[in-house]
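Colleague: let me see the structure of the following:
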Amino acid sequence: MKGQLKFIITSLVPPLLGVWGQLGLDTNTFSCTILPKDGHSPKKYLFVFGFALPCAVIIVSYSCIYWRVRKSKRKLESRSKLSGQTAKEKEEDSRLTTLMLTIFVCFLACFLPLMIMNVADDGIRFPWLHVIASILAWASSVINPVIYAATNRQYRAAYNNLLKMCKNNPVTRRTTWGSRTVGQSSNNSAHYPDKRNPLKAQEKPTKL
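Modeller: Predicted structure coming up:
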């Protein structure tokens, strides 16, 4: 994360100083981006590199994770003297593969259109396509939690526990039911006897 932040800051220094392109508002796409200066801009190179590098990192990282999981399972099988995979282990492997493929496909669906539009349509002949591509890129920040919840039972259980905690939070309950409780206590106070002084509650007014 720190490396990506350093790369972003470093890559924006030339446009910020006006050495290679310049930062500004593009009225066609309603976005603050890198505008050409003297006919030159690093925008294409940054988008290609900014897409290719994370894509390569995701492929290598998930491949290492999958290989590590498979290696650990083989060690467990050899220790327990089991031959082959059980149905449960095959199901877990299938879920892990599905999870990694889904995350990678969603990454391509979110960022590939933005890269293509900024490289292929540098003259912005189709502004609405740029807007849609930007929306897809912004949507990537909320997709992964949904993917984890849809493909992993443990994540769904964790989300359910979190929702239950928020629902049973005393502050939330007091805020939600506070006005109703106060209204009921004020309306019902005349119909219930005084528990602190039962003798007083039993007294009846004498007739004159």
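Colleague: from here on, contacts and neighbour counts on C-alpha atoms
Modeller: OK.
Colleague: buried sites along the helix ranked longest in the chain?
Modeller: Identified as the longest helix of the chain according to DSSP state H is helix 43-80. Of all the residues in helix 43-80, those buried under the rule 16 or more other Cα atoms under 10 Å are 43, 44, 46, 47, 50, 51, 55, 62, 74.
Colleague: okay, the second one: pLDDT?
Modeller: On pLDDT, residue 44 comes in at 86.
Colleague: nearest residue to it in space, please, no chain neighbours.
Modeller: residue 119 (5.2 Å; Cα to Cα, 6 or more residues apart in numbering).
Colleague: rewinding a little: packing partners for the longest helix of the chain?
Modeller: Helices and strands touching helix 43-80, as assessed by 3 or more Cα pairs under 8 Å, 6 or more residues apart in numbering; DSSP states H and E, comprise helix 87-120.
Colleague: quick one: mean pLDDT for the helix it packs on?
Modeller: 84.
Colleague: and the following helix or strand past that helix, what's buried?
Modeller: On the C-terminal side of helix 87-120, the closest following helix or strand by DSSP states H and E is helix 127-151. In terms of neighbour count (16+ other Cα under 10 Å), helix 127-151 has its buried residues at 127, 129, 130, 131, 133, 134, 136, 137, 140, 144, 147, 148.
Colleague: shaky segments in the protein?
Modeller: Low-confidence regions of the chain, defined here as pLDDT under 70, cover residues 1-8, 77, 79-90, 170-208.
Colleague: domain assignment for it?
Modeller: The record assigns the chain these domain ranges, following the TED database: 1-35, 43-73+92-168.
Colleague: give me the distance between the two termini of the last one.
Modeller: Distance across domain 43-73+92-168, first residue to last, is 50 Å (Cα to Cα, to the nearest Å).
Colleague: all further residue positions should be reported with the first residue as 439.
Modeller: Happy to do that; since the first residue is 439 now, the last one works out to domain 481-511+530-606.
Colleague: how far off centre is it?
Modeller: 10 Å (Cα atoms, centre = their mean, to the nearest Å).
Colleague: and the angle for the longest helix of the chain with helix 525-558?
Modeller: Helix 481-518 and helix 525-558 are oriented at 170 degrees to each other (axes from the mean of the first three to the mean of the last three Cα atoms, to 10 degrees).
Colleague: center of this structure - which residue?
Modeller: Nearest to the mean C-alpha position of the chain, counting by Cα atoms, centre = their mean, stands residue 580 at 3.2 Å.
Colleague: look up how far residue 488 lies from that residue.
Modeller: Residue 580 is 20 Å from residue 488, by Cα to Cα.
Colleague: please apply the same query to residue 567.
Modeller: Counting by Cα to Cα - residue 567 and residue 488 are separated by 20 Å.
Colleague: follow-up on the earlier one: wait, isn't the residue nearest to residue 482 in contact with residue 487?
Modeller: No: taking contacts as Cα atoms under 8 Å, residue 557 lies outside contact range of residue 487: 11.3 Å.
Colleague: the residue nearest to residue 482: neighbour count?
Modeller: 17 (other Cα atoms under 10 Å).
Colleague: likewise for the one 4 residues further on?
Modeller: Using other Cα under 10 Å, the number of residues around residue 561 comes to 10.
Colleague: go on, the one 3 residues further on?
Modeller: Residue 564 sits with 13 neighbouring residues when counted by other Cα under 10 Å.
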